[in-house]
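Asks: Let's see this in three dimensions:
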Amino acid sequence: MELQHPHKERLKAIEQRLEKLTKELATIKKTALKAQLIDNADFLQLMNISSSTAQNWRNKGIIAYSQIENKIYYKVSDIERLLDIHYRPFKRQEKEL
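Replies: You can find the predicted model right below:
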C-alpha cells in the first residue's frame, strides 16, 4: 500500500523541474567552456595568420596558450588582451588652415 502525501503531485513536479534544470545547467557549462577556449585552427582563422606566425607568437610569448600533446588551445580572454595591448586608436588629423 502506497502512502499518500497531500503534496505528492506538487513534489513530483518540483523533482521533474530540478532534473530538467540540472540537464540545462550541464549544457550551459559545456557551452561556456567552449566559448572560453578555441583551438589553434580557429585561432589561425580568427586572426587570419599562418601557423608559423602563431608559432612565432607563442615562442616570443606574445600569446599565451595551453598545449595537450599536439593540440593547442587559447583562452578567448588572452586573445582579447593581445588585441587590447596592440590596439592603436584612430587619430583624427586636424586640417591645416
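
Asks: quick check: mean pLDDT across the longest helix seen in the chain?
Replies: Using DSSP state H to define each element, the chain has its longest helix at helix 8-36. Predicted confidence along helix 8-36 averages 82 (mean pLDDT).

Asks: Please apply the same query to stretch 87-97.
Replies: Mean per-residue pLDDT for stretch 87-97: 75.

Asks: Give me the next element, helix or strand, following the strand or helix carrying Gln55.
Replies: In this structure, Gln55 sits in helix 51-60 according to DSSP states H and E. For helix 51-60, the following helix or strand on the C-terminal side (DSSP H and E) is strand 66-68.

Asks: That next one pairs with which strands, and in what direction?
Replies: Taking DSSP bridges as the criterion, strand 66-68 sits next to strand 71-75 (antiparallel) in its sheet.

Asks: With just CA atoms, put the strand it pairs with into PDB.
Replies: Below are the C-alpha coordinates for strand 71-75, written out as PDB (Å, rounded to 0.1, in the frame of the first residue of the first chain):
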ATOM      1  CA  LYS A  71      46.700  20.100 -29.600                       C
ATOM      2  CA  ILE A  72      47.000  23.800 -28.800                       C
ATOM      3  CA  TYR A  73      44.300  25.900 -27.100                       C
ATOM      4  CA  TYR A  74      44.000  29.600 -26.500                       C
ATOM      5  CA  LYS A  75      41.800  31.400 -24.000                       C
END
